[in-house]
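[1] Got a predicted structure plus its sequence, pasted below:
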Amino acid sequence: MADNRNMFLAVGLSLAVIIIWQFFFIQPQMEEERAAQQAAQIQAQQNPTGSAPGQVPAAPGDQAIPGVPQAPAAGDVAVPAPTAAIASAESSARVKIQSPMVTGSIRLIGGRLDDLHLKDYHVTVDPSSPTVTLLAPAGSAYPYFVETGWVATGGAPVPDSNTEWTLEQGETLTPDTPITLVYDTGAGIVYRRTIEVDEHYLFTVRQTVENNTDAEISLYPYSRVRRTGLEDHAQFFILHEGYIGVIGEEGLVQEGYSGLEDDPVMALPQSDAGWLGLTDKYWATAVIPDPGKSFTPRFLYDAPAGAAAASYQADYLAEAVTVAPGATGEAVNRVFAGAKKYRIIQGYEDTVGVDRFNLMIDWGWFYFITKPMFFLLEFIYSHVGNFGVAILIATVVVKLIFFPLAQKAYKSMAKMKGLQPEMTKMRERYKDDRMKQQQAMMELYKKEKVNPLAGCIPILIQIPVFFALYKVLFVSIEMRHAPFFGWIDDLSAPDPTSIFNLFGLIPFDPSTVPFVGAFLMVGVWPLIMGFTMWVQMKMNPAPPDPTQAMIFNWMPVFFTFLLASFPAGLVIYWAWNNSLSVLQQYVIMRRQGVKVELWDNLTGVFKKKQKKGAT
């Protein structure tokens with residue numbers, strides 16, 4: 001039948017897209033991420049407290065960037081390369097950071113922000129597991145820091161990575177108590193650095209220089225984010241990780257971590273608005289120049305021979321600050337270091353004026369679907385307190401939005417069923433002439449005002465919602481470690497149970513089986529989803545073509561194994577959506593006076609098995 005062929009094509013194409021996408025992109029990435037998370041958990045358990053203030057391991061030092069030209073800015077002035085050797089971290093005092101959402105310390109040698117932990121986020125779903133470490137000092141497994149400073153012309157002394165700052169004001173950096181560091185060059189120039197932190201993830205760094213000499217000095221403020229090695233990292237086809245920034249009229253600029261391997265310097269246009277940094281799936285660190293002040297940004301990649309890991313850097317050099325004798329100059333910049341939580345990110349854009357900061361979150365090409373889906377889930381969650389329940393309610397909302405379209409489609413399908421006897425006669429009458437058979441059927445469709453493509457509409461509606469929800473579950477930190485009920489303690493992760501070890505009764509981990517291990521993790525919710533899909537297909541008569549009938553019979557099984565490795569929240573959505581579709585189709589078919597063949601089709605399956613057994 002034409003309607004069955006059209007539905008078969010639509011479902012077949014959708015299945016092919018999902019299989020290719022899952023097998024060649026998502027599955028390898030999820031396996032890499034799972035392995036990285038396990039490694040991170042082991043490392044965190046071995047060093048549960050992170051780098052304690054004043055007890056950081058000795059640093060081997062930052063490596064210079066040989067052969068990497070400095071991007072020109074303000075003549076020949078550019079951000080300095082990392083100091084070839086860093087003074088021993090053991091001899092460096094630290095200033096503690098304590099705020100509602102972060103904890104860590106600032107090292108007085110160099111004045112770097114290089115020790116930061118996110119208090120609200122843990123390595124695993126276990127609340128007793130270590131908190132996430134975002135920034136780490138030199139000498140740790142994955143050094144990651146933010147540095148601000150000055151570049152001078154004319155030989156004026158400036159602080160560098162080995163400069164020992166003195167704590168002039170404050171004891172602990174909190175939202176209520178900023179700190180001030182001071183460095184006296186002994187040559188008539190005194191530098192101060194006042195650092196503030198808000199209640200979330202924003203640091204404000206105010207640099208001042210006091211010129212007590214008899215000559216004018218010109219200094220260029222800079223700031224950079226630099227990390228060496230990549231912890232808990234896997235490249236995702238649907239998610240950007242790496243260099244990121246918004247640079248004035250240039251807009252959003254993105255480059256993967258491996259994107260600069262062939263050309264290690266990416267010079268960006270000069271601007272007076274924007275920000276830049278490094279981003280991962282859930283976390284990011286960015287430097288934000290003072291709005292209205294001109295700056296020259298760039299991205300750098302560094303992989304010196306013999307180095308254990310490559311380094312990645314995003315930096316900018318701001319316009320010169322000229323300080324007359326006896327005067328004081330100032331430069332202000334901000335640093336974001338934390339979780340990419342939408343409301344916080346958007347808040348900095350709205351209140352602080354960070355240009356298009358919401359682009360820090362990768363909503364994807366179909367942001368016009370993904371963002372509304374996120375807003376809907378977040379709104380419902382604010383009332384029910386459970387993202388799993390929010391997904392169930394959001395599914396009903398989406399159903400109601402598309403109800404008129406789905407209603408029309410199901411009515412057309414019901415009419416198609418009513419025309420089955422007449423269509424069967426046409427196939428018999430023109431069984432030797434396919435052309436006349438198709439013409440006769442099209443005339444019948446036109447006469448009865450039936451759309452043969454109606455069966456595709458419910459499926460086509462579900463596909464964009466499916467991908468939008470998948471993206472939300474994948475990229476939004478709000479979904480990370482979000483529990484449902486029972487054994488589902490993370491909606492962004494697959495159902496942890498498996499039928500192949502009787503849901504944990506047998507001491508065997510199916511995921512360890514080479515190549516197919518991920519597909520053997522068929523848990524309770526994937527089975528529920530497969531069953532609801534099977535029931536939905538049994539609402540309609542089997543296609544007359546044996547090949548089509550066989551594919552339709554096996555399709556729920558394919559989807560059960562395929563979606564088993566998808567986030568549990570997505571599988572729950574699909575199962576719930578199938579259940580609502582069965583109920584909706586049942587009501588419409590009864591109102592149209594069309595026989596619901598669900599029971600007959602279900603019992604027919606077992607009758608066929610009994611007949612085969614009897615023979």
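    Cool, the structure landed.

[2] For the residue of the chain positioned farthest from its centre, what are phi and psi?
    The centre of the chain is farthest from one residue, R429, which by C-alpha atoms, centre = their mean lies 57.4 Å away. Dihedral pair for R429: phi -70, psi -40, per degrees, to the nearest 10.

[3] measure it to L444 for me?
    12 Å (C-beta to C-beta, to the nearest Å). Backbone N, C-alpha and C define where each C-beta goes, glycine included.

[4] show me what contacts E171?
    Neighbouring residues of E171 by C-beta atoms under 8 Å, 6 or more residues apart in numbering: V95, K96, T177, I179.

[5] if you set the cut-off to 7 Å instead, what comes out?
    If you count contacts by C-beta atoms under 7 Å, 6 or more residues apart in numbering, E171 has none.

[6] Provide the backbone phi and psi angles at it.
    phi -120, psi -40.

[7] Equivalent analysis for G385, please.
    The phi/psi pair for G385 (degrees, to the nearest 10) is phi 80, psi 10.

[8] Equivalent analysis for T296, please.
    According to degrees, to the nearest 10, T296 has phi -120, psi 110.

[9] Around it, how many other residues sit close by?
    T296: 25 surrounding residues under other C-beta atoms under 10 Å.

[10] Wait, it touches L317, no?
    Yes: between T296 and L317 there is a contact under C-beta atoms under 7 Å: 5.1 Å.

[11] Just the pLDDT for A454.
    As predicted, A454 sits at a pLDDT of 60.

[12] Run through the residues that contact V158.
    G149, W150, V151, A152, L219.

[13] let me fix that: W487
    Counting by C-beta under 7 Å, 6+ apart, W487 touches P496, T497.

[14] Work out for me the element the closest residue to Y381 other than its chain neighbours sits within.
    Spatial nearest neighbour of Y381, chain neighbours left out: A390 (4.4 Å); criterion: C-beta to C-beta, 6 or more residues apart in numbering. Per DSSP states H and E, A390 falls inside helix 387-401.

[15] So which bits of that helix are buried?
    F387, G388, V389, A390, I391, L392, I393, A394, T395, V398, K399 (16 or more other C-beta atoms under 10 Å).

[16] now these as CSV including distance to E250 and pLDDT?
    Below are the buried residues of helix 387-401 laid out as CSV (distance: C-beta to C-beta, whole Å; pLDDT from 0 to 100):
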residue, distance to E250, pLDDT
F387, 36, 93
G388, 41, 93
V389, 42, 95
A390, 37, 95
I391, 37, 93
L392, 42, 94
I393, 41, 95
A394, 36, 92
T395, 40, 90
V398, 36, 87
K399, 42, 85
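
[17] could I get the residues you listed as TSV with distance to S476?
    Formatted as TSV, the buried residues of helix 387-401 follow (distance: C-beta to C-beta, whole Å):
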residue	distance to S476
F387	10
G388	14
V389	17
A390	12
I391	13
L392	18
I393	17
A394	14
T395	17
V398	18
K399	22
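
[18] Pick the one among those closest to E378.
    Looking at these and their distance to E378, the nearest is A390, at 7.9 Å (C-beta to C-beta).

[19] Verify the stated contact: the closest one with L376.
    No: using C-beta under 7 Å as the test, A390 is too far from L376 to be in contact (8.2 Å).

[20] rewinding a little: check which helices and strands the helix holding A390 sits against.
    helix 367-384, helix 568-591 (3 or more C-beta pairs under 7 Å, 6 or more residues apart in numbering; DSSP states H and E).

[21] relative orientation of the first one and helix 568-591 in degrees?
    Relative orientation of helix 367-384 and helix 568-591, computed by axes from the mean of the first three to the mean of the last three C-alpha atoms, to 10 degrees: 90 degrees.

[22] tell me what helix 367-384 is packed against?
    Using 3+ C-beta pairs under 7 Å, 6+ apart, helix 367-384 sits against helix 387-401, helix 457-475.

[23] residue contacts, the residue positioned nearest the centre of the chain?
    Centroid-nearest residue in the chain, with C-alpha atoms, centre = their mean: V475, separated by 2.5 Å. Applying C-beta under 7 Å, 6+ apart to V475 gives the contacts L239, I361, D362.

[24] Report all helices and strands that the helix or strand hosting E443 contacts.
    Here E443 is covered by helix 434-448, with elements defined by DSSP H and E. Applying 3+ C-beta pairs under 7 Å, 6+ apart, one finds that helix 434-448 makes contact with helix 420-429.

[25] what's next to the helix it packs on, contact-wise?
    So helix 420-429 is contacted by M1, Q437, A440, M441, L444 (C-beta under 7 Å, 6+ apart).

[26] same thing with stretch 347-357?
    Residues contacting stretch 347-357 (C-beta under 7 Å, 6+ apart): L202, V246, A273, G274, W275, I288, P291, F336, I345, N358.

[27] So what would you say the end-to-end distance of that stretch is?
    9 Å (C-alpha to C-alpha, to the nearest Å).

[28] Would you mark the buried spots in it?
    G347, Y348, V354, D355, F357.

[29] Phi, psi for the fourth one please.
    As for D355, its main-chain torsions (degrees, to the nearest 10) stand at phi -60, psi 120.

[30] what's the pLDDT at it?
    pLDDT, D355: 94.

[31] State the distance from the closest residue to it other than its chain neighbours to R334.
    Nearest non-adjacent residue to D355, counting by C-beta to C-beta, 6+ apart: A273, 4.6 Å away. A273 is 13 Å from R334, where distance means C-beta to C-beta.

[32] Give me the more crowded residue out of the two.
    R334 (22 against 19).

[33] In the sheet, which residues pair with the more buried one? Tell me.
    On the basis of DSSP bridges, R334 is bridged to T204, I288.

[34] Now do the contacts for it.
    Per C-beta under 7 Å, 6+ apart, neighbours of R334: L202, F203, T204, I288.

[35] My guess is the first one contacts N333. True?
    No: contact criterion C-beta under 7 Å: L202 and N333 do not qualify, at 11.2 Å.

[36] Pretty sure Y470 sits against L570.
    Yes: counting by C-beta under 7 Å, Y470 touches L570, with 5.4 Å between them.

[37] what's the closest of the contacts of R334 to L502?
    For the contacts of R334, the nearest to L502 is L202 (50.0 Å; C-beta to C-beta).

[38] And K446, how far from V335?
    66 Å.

[39] Sorry, wrong one. I was asking about F474.
    27 Å.

[40] got it, and N386?
    34 Å.

[41] show me where pLDDT drops low in the stretch 51-200 of the chain?
    Applying pLDDT under 70 to the stretch 51-200 of the chain flags residues 51-78, 81-92.

[42] what secondary structure does Y301 sit in?
    strand (DSSP: H, G, I helix; E, B strand; the rest coil).

[43] what about it, how many neighbours?
    Applying other C-beta under 10 Å, we find 23 residues neighbouring Y301.

[44] pretty sure it is touching D262, no?
    No: using C-beta under 7 Å, Y301 makes no contact with D262, being 9.1 Å away.

[45] who's more crowded, N386 and V335?
    Per other C-beta under 10 Å, whichever of N386 and V335 has more neighbours is V335, with 25 against 16.

[46] In JSON lines, list the buried residues of stretch 347-357 along with distance to S311 and secondary structure.
    Shown next, in JSON lines, are the buried residues of stretch 347-357 (distance: C-beta to C-beta, whole Å; DSSP: H, G, I helix; E, B strand; the rest coil):
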{"residue": "G347", "distance to S311": "31", "secondary structure": "helix"}
{"residue": "Y348", "distance to S311": "27", "secondary structure": "helix"}
{"residue": "V354", "distance to S311": "26", "secondary structure": "coil"}
{"residue": "D355", "distance to S311": "27", "secondary structure": "coil"}
{"residue": "F357", "distance to S311": "25", "secondary structure": "helix"}
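
[47] Turn these into JSON lines, including distance to K341.
    Putting the buried residues of stretch 347-357 into JSON lines (distance: C-beta to C-beta, whole Å) gives the following:
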{"residue": "G347", "distance to K341": "9"}
{"residue": "Y348", "distance to K341": "11"}
{"residue": "V354", "distance to K341": "14"}
{"residue": "D355", "distance to K341": "19"}
{"residue": "F357", "distance to K341": "12"}
